[in-house]
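coordinates only, sequence not included:
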């Protein structure tokens, strides 16, 4: 079994991502209840007690809600950068010191047979960062919860075999929707979330010969729709001769159901 993963849940109500090899099994974020995390992992035939650790991207509750519960129940190590630890610790309950590990921004950490690279994003959190997983020449990247995709971010995730990519909102739906203006402004800002169109334009710079799967992630339940996100992204990619369905597949994600296990 090679590098494999499932987007367990993705959206503003909770996020969790599983990635593993024959030897190493990791959870990235646990933004749902401990019971729901157990169920989502079980749905893709992974036992929570077999995990080797939890990586945290940032301290927003839709990413850390179940971190403390799962870590305590299964005695798992938790990895986050120092500022994220400081911000999330009051919200996850007490963990033993031997469960707490620092994973510095812009660094590489090896856990088992996975090399994991961290990189910063632009979001209204203490020190938000996401991860790229390397194993035997394969590369899987996560890039959500960012207000824009910088050249540096693009360079970091380019030519991944698979990418979880933020496609948070449709700008028209957000502008016409019922959110208060200050929330709309936050989402549209450089520290908010990436729209469907901006996601697609950024993808043009990161899709390479090895890129076979792009998962559209962190869709807003109020300001987006699964079909709309896919259609908007597909339209822009096809316009620039990126063969969706031939060269690569666009995959949907859900806030409540895991994606089928993907092997790269």
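Perfect, thanks for sending it. Just so you know, these numbers come straight off a predicted model, no measurement behind them. Numbering: from 1, shown residues only.

and residue 220, that one's in a strand?
No - with DSSP: H, G, I helix; E, B strand; the rest coil as the criterion, residue 220 is assigned coil and is not in a strand.

what about it, how many neighbours?
The local packing of residue 220 (other CB atoms under 10 Å) involves 21 other residues. For the C-beta atoms, the positions are set from N, CA and C on the backbone; glycine is no exception.

Hmm, residue 19 and residue 5 touching each other?
Yes - using CB atoms under 8 Å, residue 5 is in contact with residue 19, at 4.1 Å.

Name the residues contacting each of these two.
Each of 133, 140 lies in contact with both residue 5 and residue 19 under the rule CB atoms under 8 Å, 6 or more residues apart in numbering.

So what's the gap between the top helix by length along the chain and the chain middle?
Using DSSP state H, we find that the single longest helix of the chain is helix 226-239. Centre-to-centre, helix 226-239 and its host chain are 20 Å apart (CA atoms, centre = their mean, to the nearest Å).

Could you measure from the nearest residue to residue 30 once chain neighbours are set aside over to residue 60?
Nearest-residue entry for residue 30: residue 66, 3.9 Å, with adjacent residues in sequence omitted and distances by CB to CB, 6 or more residues apart in numbering. Between residue 66 and residue 60 the computed distance is 13 Å (CB to CB, to the nearest Å).

Next up, phi/psi of the residue nearest to residue 194 when sequence neighbours are not counted, please.
Closest residue in space to residue 194, ignoring its immediate chain neighbours: residue 166 at 4.5 Å, by CB to CB, 6+ apart. Backbone dihedrals for residue 166, given as degrees, to the nearest 10, come out at phi -70, psi 130.

So what's the residue count around residue 166?
Per other CB under 10 Å, the neighbour tally for residue 166 reads 27.

With residue 175 instead?
Residue 175: 13 neighbours (other CB under 10 Å).

My understanding was that it contacts residue 185; is that so?
No - using CB under 8 Å as the test, residue 175 is too far from residue 185 to be in contact (10.7 Å).

what do residue 66 and residue 60 both touch?
residue 31.

Could you check which of those two is surrounded by more residues?
Looking at residue 66 and residue 60 with other CB under 10 Å, you find the greater number of neighbours at residue 66, namely 24 against 21.

The more buried one against residue 37, yeah?
Yes - when contacts are counted by CB under 8 Å, residue 66 is listed as touching residue 37 (5.0 Å).

Spit out the residues that contact the two alike.
16, 30.

quick one: contacts for residue 242?
Per CB under 8 Å, 6+ apart, neighbours of residue 242: 203-204, 207, 248.

Lowest-confidence entry in those residues?
pLDDT across the contacts of residue 242 is lowest for residue 248, at 94.

Report the separation between it and residue 159.
According to CB to CB, residue 248 and residue 159 sit 12 Å apart.

check contacts around residue 78.
Going by CB under 8 Å, 6+ apart, residue 78 touches 53-54, 56, 67, 71, 95, 99-101.

What about the residues you listed, which are in helices?
Applying DSSP H to the contacts of residue 78, the entries found in helices are 67, 71.

returning to that earlier point: any idea of the pLDDT on the residue nearest to residue 30?
98.

Mind checking which of residue 248 and residue 159 has more residues around it?
The residue with more neighbours, out of residue 248 and residue 159, is residue 248; 21 against 14, by other CB under 10 Å.
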